[in-house]
Each structure stands twice: as C-alpha cells, then as structure tokens.
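Undergrad: Below are the sequence and a predicted model; questions follow.
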Amino acid sequence: MKTILVVEDEPAIARLLRDYLEQAGFAVLVAGDGDAALRTARAAKPDLVVLDLGLPGRDGLDVTRELRRFFDTPIIVVTARGEETDRIVGLELGADDYVVKPFSPKEVVARVRAVLRRAEARQEATAVIRVADVEIDVSRMRVTVGGRTVDLTATEFQLLASLAREPGRVFTRGQLLDAVHGVAFESYERAIDAHVKNLRRKIEPTPGAPRYLQTVYGVGYRFVEA
Ligand code: CA
C-alpha cells in the first residue's frame with residue numbers, strides 16, 4: 001500500500017483529503033505545519049506528499065526546498081487561486097504537479113495517481129519514448145509522428161524528449177531552459193516559446209490547436225498524457 005503525506009493546516013480540508021485518499025486505497029499521514037511535515041517525511045518516507053503552500057510558521061516553499069534536499073519523493077503543491085508565482089516557484093523547486101484551491105477531492109486523488117504513475121515510469125530509463133502516436137528514439141535522436149519521420153534541431157529534440165518523457169507533467173519555461181542547456185545558448189525563457197512554436201509546426205497535425213504540446217496558461221507547457 002502506498003503512503004501519502006498530506007500537509008494541511010485546515011483540519012476540515014485535511015480530513016476530507018484523508019477520507020478520499022483512504023477510500024482510494026492509500027495509507028494517509030497528516031501534518032499540520034511545515035516542521036511536522038519534515039519530521040514525518042523523514043520518519044515515514046511516504047510515497048508522495050500533498051503540500052499546502054499556505055502554512056502557518058515555516059513557509060510552504062521552504063518546506064518544498066527542504067524536502068527536496070533529502071528525498072526525491074513526488075510532491076504535489078496546493079496553492080490558492082491567483083498565486084501563480086508560488087505555483088511556478090514550487091515547480092522549479094522540484095514539485096511534480098500542483099492543484100489549485102478550491103479543489104475537488106476527486107481531482108486530487110486523480111492527480112496523486114497520475115504523479116505516482118509518472119514517478120514509476122521515470123524509474124525505467126527508456127531508450128524509446130512512445131506517447132500517443134509520437135515515437136522518440138533517444139539514442140538515435142529520431143522522431144516519428146504517426147510513422148512519419150520528423151526532422152528536428154538538437155534543441156527541439158531535447159525539448160520534446162524532456163516533455164514527452166513525463167507526459168502530463170507541467171514544465172515551467174525555466175525548467176525547459178535548463179533541459180536544453182548544453183544544446184542551446186538561449187538565456188531567455190521566451191526563447192522556449194519560439195522553439196515550442198517551431199516544434200508544433202513540425203509535429204502537430206493542426207499547429208494552431210495543439211494535440212500533443214499543450215500550453216498551461218501562466219505556468220508553462222506539457223506533453224499530453226496518452
Ligand atoms: Ca492553508
């Protein structure tokens with residue numbers, strides 16, 4: 001049984017999440033503040049952490065940073081509506097996904113399942129990535145879409161491979177810039193938008209209505225989950 005650590009200072013929300021996650025077959029631990037969260041994470045080594053960023057005392061982003069210092073367990077951060085900056089900083093500190101309050105507990109359970117699935121897939125270092133009808137042969141740097149070979153630049157290839165390796169995961173522009181570091185010289189996040197535009201022209205059946213490379217408004221991009 002997988003164990004989920006819920007970090008939430010509002011007892012009613014913590015209880016709701018615990019009920020839904022337990023019903024979905026998870027074991028659930030609850031921590032009401034950042035220090036308790038770090039203690040529990042160290043002691044119990046949960047399989048995933050759902051972390052509210054709006055915590056009393058120690059700041060939620062600080063907790064994310066601390067968690068990342070000692071383990072690579074998936075983290076889903078919870079932010080309030082409108083706190084876009086927190087979302088982006090959370091992702092760049094290493095959170096795997098985010099949900100926005102007010103959320104439905106069912107949505108949280110679905111996210112938990114998706115992130116755990118991705119974490120498992122990440123363990124298997126795959127030479128060939130297959131998502132939807134896109135196939136990426138990493139060692140040969142070859143991409144086909146529906147059997148048709150597509151010519152990509154090294155930067156476009158690196159971008160696409162990074163996104164498609166974890167379908168459904170939202171990447172910020174800053175993270176994608178890191179991903180192409182070594183093949184590109186850009187230092188501006190907006191350069192990513194230009195590469196994505198070119199990639200779409202090459203791989204999307206309808207570039208104006210992307211099927212694979214989706215924009216997550218205000219945050220970044222993701223490759224569609226198959
Ligand atoms: Ca809170």
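TA: Cool, got the structure.

Undergrad: what does the model give residue 96 for pLDDT?
TA: What the model reports as pLDDT for residue 96 is 94.

Undergrad: The residue nearest to it when sequence neighbours are not counted and residue 199: what is the separation?
TA: Counting by CB to CB, 6 or more residues apart in numbering, residue 74 is the residue found nearest to residue 96 once chain neighbours are left out, at 4.5 Å. The way it works is simple: take the backbone N, C-alpha and C, and place the C-beta from them, glycine included. Taking CB to CB, to the nearest Å as the measure, residue 74 falls 27 Å from residue 199.

Undergrad: The two: which has the busier surroundings?
TA: It is residue 199, of residue 74 and residue 199, that has more neighbours when counted by other CB atoms under 10 Å, with 25 against 22.

Undergrad: wait, isn't the more buried one in contact with residue 152?
TA: Yes - using CB atoms under 8 Å, residue 199 is in contact with residue 152, at 7.2 Å.

Undergrad: what is in contact with the two at once?
TA: With contacts defined as CB atoms under 8 Å, 6 or more residues apart in numbering, the residues shared by residue 199 and residue 152 are residue 160.

Undergrad: ok, the residue nearest to residue 96 - contacts?
TA: Per CB under 8 Å, 6+ apart, neighbours of residue 74: 47, 48, 49, 96, 97, 115, 116, 118, 119.

Undergrad: redo that, cut-off 10 Å
TA: Residue 74 makes contact with 4, 46-50, 94-97, 112, 114-116, 118-120, 122, according to CB atoms under 10 Å, 6 or more residues apart in numbering.

Undergrad: I'd like to know how far it sits from residue 213.
TA: Distance from residue 74 to residue 213, by CB to CB: 23 Å.
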